[in-house]
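S.K.: okay, predicted coordinates and the sequence, questions at the end:
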Amino acid sequence: MTEQMLTAGVLGLGRDGQLLLEAARTSGQFLIKAVADQDQQRAEKIAAEFACEPYTDFRQMIVQNQFDCLLVAADIHTCDEHLKTAFRKKFHVLKLAPPARNYEEALEYVQMAEYEKVRFAIGNPARFQYSYMTARELIGQGHVRNVFLVTAYDEAAGVDRPAWHSDPKLAGGGVLLHDCHQIVDQILWNFSIPQQVYALTTNQAPDKQQRLYLTEDTAVVSMKFTDGLTAGVVATQRSDRGPTRRGLQIYGKGARLTITDDRVILSTDSGQEDQVWQYEETEPDTMQRLLSSFARSVRNPAEHPLVSGAAENLKNMAVFESAYLSARTGFPEEPARILRITRNASGTATSV
């Protein structure tokens with residue numbers, strides 16, 4: 001079985017990196033050859049568990065090895081040049097969302113991966129959660145017709161964030177970019193790209209001047225798709241230790257879908273009892289499906305296209321770019337205008 005495995009290295013061994021590692025092991029499709037983390041003790045401990053080489057220098061791990069794939073869960077500001085080096089070495093790359101700090105950076109990665117002819121996937125685990133997959137099927141089958149409103153929320157509670165999350169230069173953004181990438185991805189996955197985006201963001205720091213130099217911890221985003229379809233996203237970072245909450249509601253003519261991480265509810269105006277789909281799955285289960293899908297796309301891209309390719313995720317990044325620009329200007333912004341700059345990039349997904 002070892003001959004069939006894809007050799008891989010892992011960048012970043014925090015919580016998400018360890019989820020990736022465990023999922024890679026249980027999937028049976030990856031042979032982990034090396035791991036890297038800036039915490040030497042953690043890198044050595046995990047490397048011993050997986051019988052692979054530990055590194056604290058990301059560049060050194062990439063330069064000194066030849067992998068089939070690189071799995072990236074490192075902090076977004078620590079892996080810019082290392083991703084480019086991996087592309088040049090012809091590594092296929094899976095990076096957990098978000099793909100970059102801003103649209104320009106994401107576009108550069110996409111164009112480099114296309115030039116080097118390697119697969120570049122963005123890990124959006126919600127695409128592999130049964131609840132969101134079921135909702136997509138119900139929408140596709142016409143159970144919710146003439147959708148006119150989508151509402152989404154993400155409330156992160158009790159999250160211990162590193163200091164760099166508050167620095168716009170290092171983080172690129174706050175709760176919108178780092179907490180809402182998957183929920184925004186779900187909206188765009190099902191309803192394409194909005195014509196206009198309007199956003200309000202704030203930070204609850206007590207000093208008004210200080211707020212100007214911090215990423216946002218609260219955001220409200222409105223999206224206009226057509227004259228008949230709008231969407232709204234509310235994101236906030238709470239200081240209490242309650243549960244983190246995330247979900248979508250999709251309103252159509254005569255029916256409504258409510259989606260959370262473990263449940264889908266289809267309600268109708270006909271008086272029929274709600275239909276409920278309840279799922280019990282763990283984060284490692286979802287991550288294993290994500291990694292198995294990536295492995296199939298690497299082995300046989302013609303039959304198994306990437307479920308969440310980086311080029312497709314440029315649409316998400318254009319929406320975030322529009323939201324942050326709108327928060328500064330006070331006016332609605334157009335993601336399509338940002339995407340137009342990619343139209344001359346060969347192979348880049350730019351349809352809007």
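M.R.: Perfect, thanks for sending it.
S.K.: quick one, what contacts the residue nearest to residue 4 when sequence neighbours are not counted?
M.R.: Of all residues beyond its chain neighbours, the one nearest residue 4 is residue 29 (7.8 Å), with distances taken as C-beta to C-beta, 6 or more residues apart in numbering. (Each C-beta comes from the backbone N, C-alpha and C, glycine too.) Taking C-beta atoms under 8 Å, 6 or more residues apart in numbering, we find residue 29 in contact with 4-6, 291-292, 295.
S.K.: list phi and psi for residue 29.
M.R.: In this entry, residue 29 is assigned phi and psi values of phi -110, psi 0 (degrees, to the nearest 10).
S.K.: how far away is it from residue 291?
M.R.: Counting by C-beta to C-beta, to the nearest Å, the gap between residue 29 and residue 291 amounts to 7 Å.
S.K.: now swap in residue 123 and tell me
M.R.: Remark: distance between residue 123 and residue 291 (C-beta to C-beta) = 8 Å.
S.K.: now which of the contacts of residue 29 would you call buried?
M.R.: 5-6, 291-292, 295 (16 or more other C-beta atoms under 10 Å).
S.K.: and those as TSV, adding secondary structure?
M.R.: Formatted as TSV, the entries for the buried ones among the contacts of residue 29 read as follows, by DSSP: H, G, I helix; E, B strand; the rest coil:
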residue	secondary structure
5	coil
6	strand
291	helix
292	helix
295	helix
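S.K.: ok, so of the residues you listed, who is nearest residue 329?
M.R.: Checking those against residue 329 by C-beta to C-beta gives residue 291 as the nearest, at 40.0 Å.
S.K.: relative to residue 92, which of the contacts of residue 29 is nearest.
M.R.: Of all the contacts of residue 29, residue 92 sits closest to residue 6, with 8.1 Å by C-beta to C-beta.
S.K.: just the pLDDT at the closest one, thanks.
M.R.: Looking at residue 6, its pLDDT stands at 97.
S.K.: can you name the residues bridging to it?
M.R.: Per DSSP bridges, the residues bridged to residue 6 are residue 30.
S.K.: ok, now the one 4 residues further on?
M.R.: On the basis of DSSP bridges, residue 10 is bridged to residue 35, residue 71.
S.K.: OK, contacts around it?
M.R.: Contacts for residue 10 were tallied using C-beta under 8 Å, 6+ apart; they are 17, 20-21, 24, 32, 34-36, 70-73.
S.K.: turn those into TSV, including pLDDT.
M.R.: Conversion of these to TSV gives the following (pLDDT from 0 to 100):
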residue	pLDDT
17	96
20	95
21	96
24	95
32	97
34	98
35	98
36	98
70	98
71	98
72	98
73	97
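S.K.: what's the PyMOL line that selects buried ones from these?
M.R.: Of the contacts of residue 10, the buried ones go into a single PyMOL selection, burial set by 16+ other C-beta under 10 Å:
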select buried, resi 17+20+21+24+32+34+35+36+70+71+72+73
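S.K.: am I right that residue 78 is in a strand?
M.R.: No. With the criterion set as three-state DSSP, the secondary structure at residue 78 is coil rather than a strand.
S.K.: show me where pLDDT drops low in the stretch 201-350 of the chain?
M.R.: For the stretch 201-350 of the chain, the stretches flagged by pLDDT under 70 are 205-213, 239-243, 342-350.
S.K.: was I right about residue 125 contacting residue 285?
M.R.: No. The pair formed by residue 125 and residue 285 falls short of the contact definition of C-beta atoms under 8 Å, at 9.9 Å.
S.K.: who has more neighbours, these two?
M.R.: Legend: neighbour count by other C-beta atoms under 10 Å for residue 125 and residue 285, higher for residue 125 (21 against 17).
S.K.: ok, the more buried one to residue 133 distance?
M.R.: Here the criterion is C-beta to C-beta. By it, residue 125 lies 11 Å from residue 133.
S.K.: same check, this time on residue 23
M.R.: 17 Å.
S.K.: which of those two has more neighbours?
M.R.: Ranked by neighbour count (other C-beta under 10 Å), residue 23 and residue 133 place residue 23 first, with 23 against 15.
S.K.: you'd agree that one is up against residue 291?
M.R.: Yes. The pair formed by residue 23 and residue 291 meets the contact definition of C-beta under 8 Å, at 5.0 Å.
S.K.: now do the strands in the stretch 1-150 of the chain.
M.R.: Assignment of strands within the stretch 1-150 of the chain using DSSP state E, counting those that start in this stretch yields the ranges 6-11, 30-36, 53-55, 69-72, 92-96, 120-123, 149-157.
S.K.: contact partners for residue 58?
M.R.: Residues near residue 58 by C-beta under 8 Å, 6+ apart: 11, 36, 74, 78-79, 82.
S.K.: for the residues you listed, give me CSV that also has distance to residue 227.
M.R.: Output for the contacts of residue 58, formatted as CSV (distance: C-beta to C-beta, whole Å):
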residue, distance to residue 227
11, 45
36, 50
74, 43
78, 44
79, 42
82, 45
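S.K.: pull out the buried members of those residues.
M.R.: Buried subset of the contacts of residue 58 (neighbour count, 16+ other C-beta under 10 Å): 11, 36, 74, 79, 82.
S.K.: looking at the residues you listed, which is nearest residue 259?
M.R.: Comparing the buried ones among the contacts of residue 58 against residue 259 with C-beta to C-beta places residue 74 closest, at 29.9 Å.
S.K.: confirm for me that the closest one is in contact with residue 20.
M.R.: No. Here residue 74 lies out of contact with residue 20, judged by C-beta under 8 Å, at a distance of 10.8 Å.
S.K.: now residue 302: how far from residue 127?
M.R.: Applying C-beta to C-beta, one obtains 21 Å for the distance of residue 302 from residue 127.
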